[in-house]
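Undergrad: Requesting a structural model of the entry that follows:
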Amino acid sequence: MKTENRLLALDVFRGITIAGMILVNDPGSWSAVYAPLCHASWNGLTPTDLVFPFFMFIMGISMYFSLRRYNSLFSRGAVTKIFRRAVLIFLIGLGINWFALWFGTFMSMGNGEFTFWERFTQNIFPVADIRILGVLQRLALAYLGGAILCLGIRPRYQLFTAVMILVGYFVILVVGEGFIRSEHNILSVVDRAVLGVRHLYGGGASSGAGMAFDPEGLLSTLPCFAHVLFGVCMGRMLGEVKENEIRIRQLFIFGTILLFAGYLWSYACPVNKRIWSPTYVLISCGAASLLFALLIYWIDVKGYKRGCRFFEVFGVNPLFIYVWSEIVAIVLAYTLQDKIYTIVLASWLEAYFASLVYALLYVMLNWGFAYILYKRHIYIKI
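TA: Now for the predicted structure:
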């Protein structure tokens, strides 16, 4: 497989995940969302639960090719690049959380009683209430930890390291009541102790949990390192093997083994996205490997590339488009979203379907912006 074709398949895979993340994050109304487009409330797995880990798996694949220029060894250049990118992604995620708090306050004061400057400066530094972690922050920490492990551990031991991380995390969950939804859950205890309740998801009242619990918490980032290493192992295989058929077969075998291992282990270790359980890592990485094998077959073996253009547009600027979509979604939530959903869509469509149509329209809005960048060959790396 030629390099550009490999990258095309990878871009399409990235694009699928970015489009999926926008779709599930931006319904017309959170009170009217089809079950497959919701996260599992605790144990279990929905299609929505696969979107984020798919992107993390892709990040691992891309990481191999990125670090290959440094021969996957520690160097000043490699470490500087890793830390700089991790800090940048983390700060952007923190900035989105800040913008949501500040803009919400700004709009809530727009009743004519306050001047523009009073509205602008109110809650401009919401230090006491800002959520510290989030999706981008988890990506940043997973990237940092995965990259350091990739540089510090020989390739032949990286897969074993990933498995040992999952086994160790499983022990932590068992000993620390990590599978139980309670205030004694070790993941919640660590987050409350290190970050404080007011800096967790929902300000200590995570949806439906009735307790402080952050689904992108600190300790639950540990299995994400294994997640990234699984992607790195597949990236190495793609870089070393030249025949498409062998690549597809190895991706298929790898994915099937992970899926079977994950589902067999699930009898003792529940599949749970909120705690990023070891079985969740195995199953999502296995499914990602199988989907990537299918994409390579579709794009590089059969040559069906034109039909992939939609997702390729998202995939060439993935993180930038995701950040853009989050910012625009915050603005719309306080301005036009309710009018569009209630007056334009829900007035003649069933509520759940209207909510889905709004999400699809929002995906298309972001695709239009991404397409402009794509056509002008503007690639913004984060």
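Undergrad: buried residues in the lengthiest helix in the chain?
TA: Ordering each helix of the chain by length in residues (DSSP state H) puts helix 76-108 first. For helix 76-108, the buried set under the neighbour-count rule, 16 or more other C-beta atoms under 10 Å, comprises 78, 81-82, 85-86, 89-90, 92-94, 96-98, 100-103, 106. The way it works is simple: take the backbone N, C-alpha and C, and place the C-beta from them, glycine included.
Undergrad: what about it, distance to the chain center?
TA: 15 Å (C-alpha atoms, centre = their mean, to the nearest Å).
Undergrad: Same check on stretch 328-335?
TA: 21 Å.
Undergrad: Need the CA coordinates for it. CSV is fine.
TA: The C-alpha coordinates for stretch 328-335 follow below in CSV (Å, rounded to 0.1, in the frame of the first residue of the first chain):
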residue,chain,number,x,y,z
VAL,A,328,-19.9,27.0,17.8
ALA,A,329,-22.2,24.6,19.6
ILE,A,330,-21.7,26.6,22.8
VAL,A,331,-22.7,29.8,21.0
LEU,A,332,-25.7,28.2,19.4
ALA,A,333,-26.9,26.6,22.7
TYR,A,334,-27.5,30.1,24.0
THR,A,335,-28.7,31.8,20.8
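Undergrad: Show me what the mean pLDDT comes to for it.
TA: Computed over stretch 328-335, the mean pLDDT rounds to 96.
Undergrad: just stretch 267-280 next, same as before
TA: Across stretch 267-280, the per-residue pLDDT values average to 97.
Undergrad: what about the residue nearest to the spatial centre of the chain, which SS state?
TA: Central residue of the chain (C-alpha atoms, centre = their mean): residue 52, 3.2 Å from the mean position. Three-state assignment for residue 52 (DSSP: H, G, I helix; E, B strand; the rest coil): helix.
Undergrad: Report the separation between it and residue 309.
TA: According to C-beta to C-beta, to the nearest Å, residue 52 stands 24 Å off from residue 309.
Undergrad: ok now do residue 97, which residues does it touch?
TA: By C-beta atoms under 8 Å, 6 or more residues apart in numbering, the contact set of residue 97 is 130, 131, 132, 134.
Undergrad: which phi and psi does the second one have?
TA: Main-chain torsions, residue 131, degrees, to the nearest 10: phi -80, psi 130.
Undergrad: where's the closest residue to it other than its chain neighbours relative to residue 214, distance?
TA: Closest residue in space to residue 131, ignoring its immediate chain neighbours: residue 97 at 4.8 Å, by C-beta to C-beta, 6 or more residues apart in numbering. Using C-beta to C-beta, residue 97 is found at 12 Å from residue 214.
Undergrad: what is in contact with these two at once?
TA: residue 131.
Undergrad: surely residue 379 meets residue 319?
TA: No - with contact defined as C-beta atoms under 8 Å, residue 379 does not reach residue 319; the gap is 11.3 Å.
Undergrad: What are the contacting residues of stretch 22-38?
TA: In contact with stretch 22-38 (C-beta under 8 Å, 6+ apart) are residues 46-48, 51, 321-322, 325-326, 329, 337, 340-341, 345-346, 351-352, 354-360, 362-363, 366.
Undergrad: Start and end of that stretch, how far apart?
TA: Taking C-alpha to C-alpha, to the nearest Å, the first and last residues of stretch 22-38 lie 13 Å apart.
Undergrad: which SS class is residue 179?
TA: From three-state DSSP, the assignment for residue 179 is coil.
Undergrad: List the contacts of it.
TA: 43, 173, 269, 270, 272, 275, 277.
Undergrad: Which pair in the contacts of residue 97 has the greatest spatial separation?
TA: Pairwise distances across the contacts of residue 97 peak at 10.2 Å for 130 and 134 (criterion: C-beta to C-beta).
Undergrad: what about those two, which has more around it?
TA: A direct count of neighbours by other C-beta atoms under 10 Å for residue 130 and residue 134 places residue 134 higher, at 21 against 18.
Undergrad: For that one, which non-adjacent residue is spatially closest?
TA: Of all residues not flanking residue 134 in the chain, residue 93 sits nearest, at 4.7 Å (C-beta to C-beta, 6+ apart).
Undergrad: so who does that neighbour touch?
TA: Contacts of residue 93 by C-beta under 8 Å, 6+ apart are 133, 134, 135, 136, 137, 139, 140.
Undergrad: what do you get if the cut-off is 10 Å, keeping everything else the same?
TA: Taking C-beta atoms under 10 Å, 6 or more residues apart in numbering, we find residue 93 in contact with 131-140, 216, 323, 326.
Undergrad: Please determine how far it is located from residue 86.
TA: 11 Å.
Undergrad: Now list whatever residues contact both of these two.
TA: Residues touching both residue 93 and residue 86 (C-beta under 10 Å, 6+ apart): 137, 139, 140.
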